[in-house]
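>>> structure, please.
(one chain, ligands or ions: 3)
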Amino acid sequence: MEEKLRSINLHKIPNHIAIIMDGNGRWAKGKGMQRVFGHRNALTAIRETADTASELGVQYLTMYAFSTENWSRPKLEVNALMNLLISTLKKELPEFMRKDVRVNSIGNVSQLPKSAQKVLSDVIEKTKNNKKITLTFALSYGAREEIVNAIKNISEKVVNNEIDIEKINDKIINNHLYTFNLPDVDLMIRTSGEQRISNFLLWQAAYAELYFTDVLWPDFRKEDLFDAILDYQNRERRFGKTSEQIDNNE
Ligand code: IPE
Ligand code: IPE
Ligand code: MG
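Residues are numbered from 1 along each chain as shown. Ligands and ions are numbered 1, 2, ... in the order given. You can find the predicted model right below:
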């Protein structure tokens, strides 16, 4: 573990890491327990990942906690997840303050139960001046819905002559996404062995490095984040250029 940490190049830390926290249900089933037991045991992984990312100097960490599609899960599971969200945010607020964590959310939060909306907006408000890391929770998030909303809002502005069609570009679209205040994703991690995006940050991950691990989310620890970052640091991000151009800093 110490050796892994030493191998990490602190000058090449991804600025924005996004994580699809998957495998809670399978983790619980493997222990002969209900799926919800897995969700409850996901908190240690979230805490340890956020702490480690922050210590390494990651500026933005975005965690996929609940997708628009997850609303179609059994009501019991959805309720348990919402209650877990509420109790966790309440419990963690002093820790967020102590660790200088700014909390943010993306997604259609108006879909969440009122009590969850309330504690979420409270935590966001209280942590808004914190600086060490921005921890964004994707809640009732779907990238397609996000893009549809952006198109609606931009179209409305075009109709009202606030935006000229010719001026629509990447930046304007960015500014109309839930992530308007976040940079592009550098590294996207998915746990549990599934290799898909599941409607997460489709626009923002256009040039992200993708990292998949078989580890189930409740088992994800410091060392697993080190592995993901080490893997990321061994890749060459070319952004369409040639390897020679990258070597010559062109
Ligand atoms: C991820 O774990 C957590 C959420 C989607 C809320 P899952 O609940 O999807 O666990 P698996 O994939 O069924 O094992
Ligand atoms: C993606 O996981 C959503 C979250 C991690 C919150 P799912 O478990 O819902 O994804 P699929 O449906 O298997 O692709
Ligand atoms: Mg899953």
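>>> and the closest residue to I168 other than its chain neighbours, what element?
Nearest residue to I168, sequence neighbours excluded (CB to CB, 6 or more residues apart in numbering): I154, at 6.5 Å. Glycine gets a C-beta too; all of them are placed from N, C-alpha and C. Here I154 sits within helix 143-159, counting by DSSP states H and E.
>>> now that helix: average pLDDT?
Computed over helix 143-159, the mean pLDDT rounds to 98.
>>> just checking, what packs against the helix or strand that that helix is followed by?
The C-terminal neighbour of helix 143-159 among helices and strands, as given by DSSP H and E, is helix 170-175. On a contact count with 3 or more CB pairs under 8 Å, 6 or more residues apart in numbering; DSSP states H and E, helix 170-175 meets helix 143-159.
>>> since we're on the residue of the chain found nearest ligand 1, how many residues are nearby?
When scored by CB to the nearest ligand atom, the chain has G25 as its residue closest to ligand 1, at 2.8 Å. Residues lying near G25 (other CB atoms under 10 Å) number 20.
>>> SS state for it?
Following DSSP: H, G, I helix; E, B strand; the rest coil, G25 is assigned to helix.
>>> pLDDT score assigned to the closest residue in space to R238 that isn't next to it in sequence?
Closest residue to R238 apart from its sequence neighbours, by CB to CB, 6+ apart: I246 at 5.8 Å. We have a pLDDT of 95 for I246.
>>> quick check: Q117 touching N108?
No. Counting by CB atoms under 8 Å, Q117 stays clear of N108, with 10.9 Å between them.
>>> quick one: the strands in this structure?
Assignment of strands within the chain using DSSP state E yields the ranges 16-20, 60-67, 101-106, 133-141, 187-190, 209-212.
>>> what about the residue of the chain found nearest ligand 2, how many residues nearby?
Nearest residue of the chain to ligand 2 (CB to the nearest ligand atom) works out as S198 at 3.6 Å. Residues near S198, counting by other CB under 10 Å, number 14.
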